[in-house]
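Enquirer: Have a look at this prediction, sequence included:
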Amino acid sequence: MATSYPRRDSASGIWKISDITSNIKTEGTWSLGATRGVFFAGVSSNVIDYITIETTGDATDFGDSLRSGDDREAISGCGNFTRGVAGGGNPGVNTIDYVTILSAGNSADFGDLTVARSGTTGCANETRGLFAGGYPSSDVIDYITMASTGNATDFGNLTGARYRCARGEVNSPVRAFFAGGTGLSNVIDFVTFTSTGNAVDWGDLTAAKKQMAGASNFTKGICMGGSTPGAINVIESFSLQSLGNATNFGDLSSARLYNSGVASLKRAVTGGGTDNIDVIEYVEFATAGDMTDFGDLTDGRGRHASFSNGHGGLEAFDPRPLHAGAGRALLGGGADPSAVNVLQFFSIPTLGNAVDFGNMVSARYIGSGSAASSSTRAVFGGAYAASDVIDSVEIQSQGNAADFGNLTDGRHSITGLSSQTRGVWGGGEDPSKSNIIDYVTIASAGNASDFGDLSAVRAKAGSCASLTRGVFGGGLTPTIVDIIEYITIASTGDVTDFGNLSTATFGMAGASSAVRGTFGGGATPTKVNVIEYITISSTGNATDFGDLTAARVGISGTSNQTRGIYAGGAAPGLSNVIEYITIASTGDGTDFGDMINSVSYAHGCSDSHGGL
């Protein structure tokens, strides 16, 4: 029967209308191209390293696990297209931590298992991750939602209590499989990801065994090595599509246990094992046979977790990596009324609520316009109280921010704008008001450099940009002002007068296309719902555009080339409202969705604003 949609390993297939709709929403079904396999911690090691499964060669350092001591070993992992998650550990812990697979860095806390245990087995599809079994002899299966963070939830039970089943993702997009282990050690059982409930018998391994590596593509599961109870070099495989027993596949280069597995759709790879070896080797799923040398881990180890972003659980509608300028908006930090470190995102072309992206380096607020971004990277500068911190994230991925550098002077209530190359911040207070403008090259982490000066000290202004010009409007000097002035982003120097707002305003936000800039909300000092606009390439006074759905100050703004976005703020209670305008027309704001929290003075930016 023909495939009902193009798979990640083949462009052929029959398109259904529902598939086309899904692909429009998710940027299309597309080959990953390169699959990353990650090996996570292990005996006496907190190292995380990775390989590109389609190639060969030694592993590369990824970062470090947040774990220390014995809880680094006897853990298991699972991954989806975005995240890798590791759970459990010696001497029986409930820790779950995670990384963003296509980035690099240290792991972060995810939550806790329902029961503290070691020697679990992990499986995942795009939506759910499962952890099953464990020591002391447990039949517990619990699950997490891969895209969120939080504690695991009870799923059901294995057919019998056991631990040290095949370590690696043995799963299809529909089913998770648990093979071997201490206790019912030749058993293969399974569950269906989308439901909850107890496991059901699938078949048997060729022999009772435990402590082996596992891997899978869509149709075949592979178990590599293990003990019976002595270490063995046997590789066996079984079908993930129909009930049945495993059969012999080939051999490892040497007998081992405590190894772990990762996979792409074509290759199964095992790394580490007995006596903390650093060996990595592989086989092709399509051809039974013995293992071939791949390379070495950065640190020899065993009893470690592993996961990949291309295993057999990840078939349907793999979105190609989000292309630059696809319309992703980020909102970072803010006050609720205390400073928060939440990063959240949404797609500007598609109405809906924001979802969690990760966390900023530290909680911060007072600077609703203090983010700058290229089409691939966002940088967030300054914070209350007078911080000089700049941190950054890669917009197309998800995960926590990383340190980028420092402003020339610590301050808050600054406003930011950018081109594809430069991020620029102007004004602020420390606690005295400032006229400083400084800039960074967004592609290169490092400290900011002096750009020039505003015409006067100013804080809590709004900002927007075209491809060439950056514009600052309004603010406190400490009196409220209506001044609009501009810079040429690619040069350095002081501002030039542009014109005036219709009313002196502070605490508003800007949003722009490459042609038109808009300023929305703020206070005069009375909170206002006014939106006004300018044509960025000319000079002159602002013109009435329309009204926001409610008056609020400390609002955040961003845009793509079509839509301007205004989010959050205080009215006087804190708001989680996201609304939008069509920049090329005039008119009032329309409901877009909701932020995940109610905050004012969050940092807003996107990969497709007017400066790009």
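Expert: Cool, got the structure. Numbering: from 1, shown residues only.

Enquirer: After the worst-scoring helix or strand of the chain on mean pLDDT, heading C-terminal, what element do we hit next?
Expert: Least confident helix or strand of the chain, by mean pLDDT, DSSP states H and E, is helix 17-26 with a mean of 52. With elements assigned by DSSP states H and E, the helix or strand that comes after helix 17-26 is strand 36-42.

Enquirer: Only C-alpha atoms, please: export that following strand in CSV.
Expert: Presented in CSV, the C-alpha positions along strand 36-42 are these (Å, rounded to 0.1, in the frame of the first residue of the first chain):
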residue,chain,number,x,y,z
ARG,A,36,22.1,14.0,15.9
GLY,A,37,22.7,11.1,18.5
VAL,A,38,23.5,12.2,22.0
PHE,A,39,25.2,10.2,24.8
PHE,A,40,24.4,11.5,28.2
ALA,A,41,26.4,11.2,31.5
GLY,A,42,27.1,7.6,32.8
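
Enquirer: Parallel or antiparallel, which strands does it pair with?
Expert: In the sheet, strand 36-42 lines up against strand 45-52 (antiparallel), strand 305-308 (antiparallel) (DSSP bridges).

Enquirer: Centre of the chain to the next helix or strand after the last one, how far?
Expert: Okay, so that is strand 305-308. Beyond strand 305-308 in the direction of the C-terminus, DSSP H and E gives the next helix or strand as strand 328-332. Here strand 328-332 is found 12 Å from its chain centre; the criterion is C-alpha atoms, centre = their mean, to the nearest Å.

Enquirer: just checking, what packs against strand 328-332?
Expert: For strand 328-332, the elements it packs on are strand 340-347, strand 355-364, strand 371-373, strand 377-383, strand 556-559, strand 603-606, judged by 3 or more C-beta pairs under 8 Å, 6 or more residues apart in numbering; DSSP states H and E. Yep, even glycine has a C-beta here, placed from its N, CA and C like the rest.

Enquirer: what angle do it and strand 340-347 make?
Expert: 170 degrees (axes from the mean of the first three to the mean of the last three C-alpha atoms, to 10 degrees).

Enquirer: residues in contact with strand 328-332?
Expert: Outside strand 328-332, the residues that touch it by C-beta atoms under 8 Å, 6 or more residues apart in numbering are 322, 342-348, 354, 357, 360, 364, 371, 373, 378, 380, 393, 395-396, 401, 556, 558, 560, 565, 567-568, 595, 602-608.

Enquirer: Direction included, what does it pair against?
Expert: The partner list of strand 328-332 in its sheet, established with DSSP bridges, is strand 340-347 (antiparallel), strand 603-606 (antiparallel).

Enquirer: Contacts for the longest one next, please.
Expert: The set of residues that contact strand 340-347 without belonging to it, under C-beta under 8 Å, 6+ apart, is 326-334, 352-365, 393, 398, 400-401, 578, 592-593, 595-597, 599.

Enquirer: same deal with the last one?
Expert: Counting by C-beta under 8 Å, 6+ apart, the neighbours of strand 603-606 from elsewhere in the structure are 327-334, 348, 364, 367-373, 378, 380, 395, 416, 418, 509, 556-560, 565, 567.

Enquirer: I'd like to know how far Ala514 sits from Ser466.
Expert: As judged by C-beta to C-beta, to the nearest Å, Ala514 and Ser466 stand 5 Å apart.

Enquirer: shared neighbours of the two, which are they?
Expert: With C-beta under 8 Å, 6+ apart, Ala514 and Ser466 have common neighbours Ile536, Gly610, Gly611.

Enquirer: Against Asp594, how distant is Gly546?
Expert: 21 Å.

Enquirer: centroid residue for this protein?
Expert: Nearest to the mean C-alpha position of the chain, by C-alpha atoms, centre = their mean, lies Gln398 at 1.4 Å.

Enquirer: Out of the strands paired with strand 36-42, flag the one nearest Asn276.
Expert: strand 45-52 (8.0 Å; C-beta to C-beta).

Enquirer: Partner strands of the next helix or strand after the closest one, with direction?
Expert: Where DSSP H and E defines the elements, the next helix or strand beyond strand 45-52 is strand 60-64. Strand 60-64 pairs in its sheet with strand 45-52 (antiparallel), by DSSP bridges.

Enquirer: Other residues contacting the partner strand?
Expert: Against strand 45-52 from outside (C-beta under 8 Å, 6+ apart): 34-41, 57, 59-68, 72, 99, 101, 104, 106-107, 262, 269, 271, 276, 280, 294-295, 297-299, 301, 304.

Enquirer: chain center to that strand: distance?
Expert: 19 Å.

Enquirer: what about dumping the CA coordinates of it to CSV?
Expert: Extracted C-alpha coordinates of strand 45-52, given in CSV (Å, rounded to 0.1, in the frame of the first residue of the first chain):
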residue,chain,number,x,y,z
SER,A,45,30.9,11.1,34.1
ASN,A,46,28.6,14.0,33.7
VAL,A,47,29.8,14.6,30.0
ILE,A,48,27.2,15.0,27.3
ASP,A,49,28.6,14.4,23.8
TYR,A,50,27.0,13.9,20.3
ILE,A,51,27.6,12.4,16.9
THR,A,52,26.0,13.0,13.5
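
Enquirer: Give me the distance between the two termini of stretch 343-351.
Expert: End-to-end distance for stretch 343-351, by C-alpha to C-alpha, to the nearest Å: 19 Å.

Enquirer: repeat for stretch 287-302
Expert: Using C-alpha to C-alpha, the end-to-end distance of stretch 287-302 comes to 27 Å.

Enquirer: Give the buried residues for it.
Expert: Applying a neighbour-count criterion of 16 or more other C-beta atoms under 10 Å, the buried positions in stretch 287-302 are Met291, Phe294, Gly295, Asp296, Leu297, Thr298, Asp299, Gly300, Arg301, Gly302.

Enquirer: And stretch 421-439, by the same measure?
Expert: So for stretch 421-439, counting by 16+ other C-beta under 10 Å, buried means 422-430, 433-439.

Enquirer: Tell me which of these has the lowest pLDDT.
Expert: Lowest pLDDT among these: Asp430, with 87.

Enquirer: Quick check: that one touching Arg411?
Expert: Yes. Using C-beta atoms under 8 Å, Asp430 is in contact with Arg411, at 4.0 Å.

Enquirer: The helices and strands packed on strand 328-332: lowest mean pLDDT?
Expert: Mean pLDDT is lowest for strand 355-364 among those, at a mean of 86.

Enquirer: Packing partners of that strand?
Expert: Packed next to strand 355-364, using 3+ C-beta pairs under 8 Å, 6+ apart, are strand 328-332, strand 340-347, strand 377-383, strand 387-394.

Enquirer: quick one: which of the ones you listed is nearest Gly225?
Expert: Nearest of the helices and strands packed on strand 355-364 to Gly225, taken as C-beta to C-beta: strand 387-394 at 36.4 Å.

Enquirer: now that closest one, how far from the chain's geometric center?
Expert: 17 Å.

Enquirer: Can you tell me the strand partners of the helix or strand following it and which way each runs?
Expert: Next along the chain after strand 387-394, taking DSSP H and E as the criterion, comes strand 402-406. Here strand 402-406 has these sheet partners by DSSP bridges: strand 387-394 (antiparallel).

Enquirer: Understood, closing this out.
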